[in-house]
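Q: Prediction below, plus the sequence it came from.
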Amino acid sequence: MEFYTEWHLEGDEYSGGFLNGISLSGSESVRDMTKTDENSEETVFQGKNGCVVKAFHEKKNGVTFCKSVFINKSDKPVNLELLSSFAIKGIRADKIHRATSFWAAEGKLLSQKITDLNMESSWAHHGIRIEKFGQTGSMPVRKWFPFLVLENSKTSDFLGVQLRCSSSWQIEILNKTGEIYIHGGLADRDFGSWFKTIKPNEEFESPTAVVATGKSLEEVCNKLVKSQAPRIAEIDKDMPVIFNEYCTTWGNPTLENLEKTARKLQNTGVRYLVIDSGWYKKDVGDWFSLTGDWIPSKELFPNGIKEAADIIKSYGLVPGLWFEFETLGNQAEGYNDIKHILTKNGYPITSGGRRFWDMRSDWVKSFLDERVIGLLKNAGFGYLKVDYNENIGIGADGAESLGEGLRQSVEESRNYFKHISDELPELVIENCSSGGHRLEPSFMQVASQASFSDAHECNSIPLIAANLHRLIRPEQSQIWAVLRANADINRINYLLCASFLGRLCLSGEIFDLSDEQWQCALDSIQLYGRVRHIIKNGYTSVIRATAEDYSDPKGYQAVLREYENEALLIVHTFKNGANPNLSDLLNGWSIKEIFGSELDGDFRGRVFVLKKE
């Protein structure tokens, strides 16, 4: 394989092969560029009119970090319509693997043969075959993760790539002569309404991509995930257990409920008690429509929300608070503030009852400094959950193109996450976007952990949680176990065992649980504390799942995560999945501990703690 670059300037002649209208790759700029310098980490390409692209490909810790820098060395502004973060040619592959994603169904693996996509080369090597996919808007994980693995099944060689892009992005797979070439980065002018005007002597840098090779899908994914370097708060590095009260109060937190919950959690090993949405409610409206003002409810907290934080702390817990600070509900005061919200062609961008602050605005940042950072600091909160429940769409005004307006706005959102951490360095930040719509590396980098999904009480929880092992670090993947008093022990264990696939987070009616039910939760917390180093530092060598329909899963799932001479085997049965054969997975291991239910029925969960024989 060979690294190169793709770029397209306004006015370029387009590629042949019937690509025009589908792809901007193979442009006049690329066809006419010459390589002027090359070393092990950088290749310089000279294009027309003095324009230059530096393609970086730095090898580090078993992966290659890629990005491109475009430099306008001409004497006139140019409009850049495409710039790849990575571009690789000369690949032999017959299969592709992608991670699909929808709300409450994140990360499902889609594996396809090149022939299934009708992408085998033509008899005359004419007419370029292409599969182009990506996402437009401010939810970078919607429909697809920015992730691709190519497989050569004859040689068992795998090549994987993961984009670190928080706004609109694209990846292209092309075939003309039988060798595959791929490239990706920001969504281009055709796909994402993006172009960038580059003035003389100005530069523009692409998002980063990471490339890995290996002999299996699991090996490549492990390398990509391990290359992520999140900013995890010091207090969160030992992966403590979380309790979030949302599935207890459903947006109606009260002092009485919080104190009752905190009392139940005292001395259990749970560290955080997070107040979710609704703490700002007024006399009218619901929690969803009132986001944006961030003034604590006088009805819920007559003495101020600091009292709630102090109560939580009095039971030895770290208080947390939910915000959705980038958006405005339709009853918020700023909803009609046309000066400071995002517009498209002059009209406010309104989606699902939400509008969006223009995060490029100094006024907006000052407002959030007061209402978000100021409140967290003054009330003594140590945990911040950042939710994000709608999508900006194709773009926003305020730049030379709608796509560039979007890119700038989203980048400033990420920068504000970093600003919060700078102001409150001990604060734990949770990245949430209606569950998992922001589970890509650049957003994961500015948070300690993330909501894995909104599938809080679904049978698909272990399936989604396992999927994410290929895409984000399990030490950041917060998986909810919503405990209900009317659930039997098998259901309780099913949910608790799923949380061993990431970060253990409890919710639900814990003060109404029977002694037996609550003891299961306590036992899981204690075991979790003994094995969390495997979750944090391990390598997921097996993800075996027979279920196809996530709404009606059948069969079973087994996930093996290894670390040195230890391992966790986490098994769930679904419909008609009782008594799965685990002999090959247990071969060579001795069982140290077991938690959960016997796997002799449907919808059971069990965790095996293993040691090398």
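A: Now that the structure is in, tell me what you want to look at.
Q: Could you report the pLDDT at the closest residue to S314 other than its chain neighbours?
A: Nearest residue to S314, sequence neighbours excluded (Cβ to Cβ, 6 or more residues apart in numbering): A262, at 7.6 Å. (Glycine included, C-beta is placed from N, CA and C.) On pLDDT, A262 comes in at 98.
Q: right, and A262 touches G320 too?
A: No: here A262 does not reach G320: they are 11.9 Å apart, not a contact under Cβ atoms under 8 Å.
Q: Looking at those two, which one has more neighbours?
A: Using other Cβ atoms under 10 Å as the criterion, A262 and G320 rank with G320 on top: 26 against 22.
Q: P240 versus that one, what's the distance?
A: 12 Å (Cβ to Cβ, to the nearest Å).
Q: separation between V531 and I525?
A: 11 Å.
Q: do D75 as well
A: Separation of D75 from I525 (Cβ to Cβ): 66 Å.
Q: One more: V30?
A: Remark: distance between V30 and I525 (Cβ to Cβ) = 56 Å.
Q: So between the two, which is more surrounded?
A: Each of V30 and I525 has its neighbours counted (other Cβ under 10 Å); V30 has more, 23 against 19.
Q: Verify the contact between the more buried one and W7 for me.
A: Yes: look at V30 against W7 with Cβ under 8 Å: they come within range, at 6.4 Å.
Q: Could you pull out the helices in this protein for me?
A: For the chain, the helices defined by DSSP state H occupy 28-32, 189-192, 217-226, 246-249, 255-265, 305-314, 362-368, 374-379, 402-423, 441-444, 461-467, 489-498, 515-537, 583-586.
Q: Which one of these lies nearest to I543?
A: In terms of Cβ to Cβ, the element of the helices of the chain nearest to I543 is helix 461-467, at 5.1 Å.
Q: Check which helices and strands the closest one sits against.
A: Using 3 or more Cβ pairs under 8 Å, 6 or more residues apart in numbering; DSSP states H and E as the contact test, the elements touching helix 461-467 are strand 105-113, strand 477-483, helix 489-498, strand 539-545, strand 556-563.
Q: and of the ones you listed, who's closest to K418?
A: strand 477-483 (20.3 Å).
Q: Give the rounded mean pLDDT of the closest one.
A: 98.
Q: lowest-confidence helix or strand of the chain?
A: Lowest on mean pLDDT, DSSP states H and E among the helices and strands of the chain sits strand 34-38, with a mean of 91.
Q: Just checking: what are the partner strands of that strand?
A: Sheet pairing of strand 34-38 (DSSP bridges) gives strand 42-46 (antiparallel).
Q: May I have the partner strand exported as CSV, CA atoms only?
A: The C-alpha trace of strand 42-46 is given here as CSV (Å, rounded to 0.1, in the frame of the first residue of the first chain):
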residue,chain,number,x,y,z
GLU,A,42,5.8,13.5,5.4
THR,A,43,5.3,13.8,1.6
VAL,A,44,5.1,17.1,-0.1
PHE,A,45,3.0,17.4,-3.3
GLN,A,46,3.3,20.4,-5.6
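Q: Any chance you could list what contacts that strand?
A: With Cβ atoms under 8 Å, 6 or more residues apart in numbering as the test, strand 42-46 has contacts from 3-5, 33-38, 52-57.
Q: any weak-confidence spans in the stretch 51-200 of the chain?
A: The stretch 51-200 of the chain contains no residues with pLDDT under 70.
Q: still on that earlier bit, what residues are shared contacts of G320 and P240?
A: Common neighbours of G320 and P240 (criterion: Cβ under 8 Å, 6+ apart): Y272.
Q: if we can go back for a sec, give me the common contacts of A262 and G320.
A: L273.
Q: I420 contacts E430, doesn't it?
A: No: contact criterion Cβ under 8 Å: I420 and E430 do not qualify, at 11.8 Å.
Q: Which one's more surrounded, the two?
A: A side-by-side neighbour count of I420 and E430, using other Cβ under 10 Å, places E430 first with 25 against 22.
Q: what's near enough to touch that one?
A: When contacts are counted by Cβ under 8 Å, 6+ apart, E430 touches 274, 320, 383-386, 447-451, 478.
Q: The residue most central in space within the chain - nearest residue in space that isn't next to it in sequence?
A: For the chain, the residue sitting closest to the mean C-alpha position, by Cα atoms, centre = their mean, is L439 at 0.3 Å. Spatial nearest neighbour of L439, chain neighbours left out: V141 (4.9 Å); criterion: Cβ to Cβ, 6+ apart.
Q: The one you found: how many residues sit nearby?
A: 26.
Q: Could you do S351 as well?
A: Neighbours around S351, by other Cβ under 10 Å: 15.
Q: Correct me if wrong: it contacts G393.
A: Yes: the criterion here is Cβ under 8 Å, and S351 meets it with G393 at 6.6 Å.
Q: Can you read off the pLDDT for V284?
A: pLDDT for V284: 58.
Q: To D358, which of the helices and strands packed on helix 461-467 lies closest?
A: Closest among the helices and strands packed on helix 461-467, using Cβ to Cβ: strand 105-113, at 28.4 Å.
Q: helices or strands next to the closest one in the packing?
A: Under the contact definition 3+ Cβ pairs under 8 Å, 6+ apart, strand 105-113 sits against strand 95-102, helix 461-467.
Q: got the contact list for the nearest residue to K536 once chain neighbours are set aside?
A: Spatially, and ignoring its direct neighbours in sequence, K536 is nearest to E475 (4.4 Å; Cβ to Cβ, 6+ apart). Applying Cβ under 8 Å, 6+ apart to E475 gives the contacts 232, 239, 449, 502-503, 535-536.
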